[in-house]
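need coordinates for the below:
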Amino acid sequence: MVRCFYGDTLRCMVFFYQFTKGLTERYPEIFEGDGTSTQHQINFGKKWRNYSSIFELAGGDIQKMDEVTEQPLEKCLLFLSYKADKALLESLVHKEMMKRSK
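Numbering: from 1, shown residues only. Below you'll find the predicted structure:
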């Protein structure tokens, strides 16, 4: 557990910045867009990012949300990254099949 006292505030901020930066580098599928989002999608993502991750992990079941929040963060991020990569791959395969069928 990290404790932050008044004198250690800067050190805590640096720690959390480095920790968050590390997560964004390890899980770009979650934290970086693909460049095709509309402004409405970007705004929705900014407002609901963390909630939508929990919602997705809980399978849309509000009763399971507490269980999800008790899971290790990196376990959740790895699962969400897998789902994002799988969805992207399926989309690319679908587009390729559509090109071939023309």
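
need the residue closest to the centroid of this structure.
Central residue of the chain (CA atoms, centre = their mean): residue 30, 3.4 Å from the mean position.

can you check the pLDDT for that one?
With respect to pLDDT, residue 30 scores 74.

residues contacting it?
With contact set as CB atoms under 8 Å, 6 or more residues apart in numbering, residue 30 has these partners: 53, 77, 80-81, 84. All C-beta spots, glycine's among them, are computed from the backbone N, C-alpha and C.

list the buried residues for the host helix or strand of residue 49?
Assessed by DSSP states H and E, residue 49 sits inside helix 39-57. By neighbour count with 16 or more other CB atoms under 10 Å, helix 39-57 contains the buried residues 53-55, 57.

hmm, which of those is lowest in pLDDT?
Scoring the buried residues of helix 39-57 by pLDDT puts residue 53 last, at 87.

going along the chain, name the helices of this structure.
Secondary structure of the chain (DSSP state H): helices at 9-26, 28-31, 39-57, 65-69, 73-101.

highest average neighbour count across those helices?
Among the helices of the chain, helix 28-31 has the highest mean neighbour count (mean count of other CB atoms under 10 Å), at a mean of 16.

verify the stated contact: residue 31 with residue 21.
No - at 9.9 Å, residue 31 does not count as touching residue 21 under the criterion of CB atoms under 8 Å.

confidence score at the residue lying closest to residue 52 once chain neighbours are set aside?
Spatially, and ignoring its direct neighbours in sequence, residue 52 is nearest to residue 45 (7.7 Å; CB to CB, 6 or more residues apart in numbering). We have a pLDDT of 77 for residue 45.
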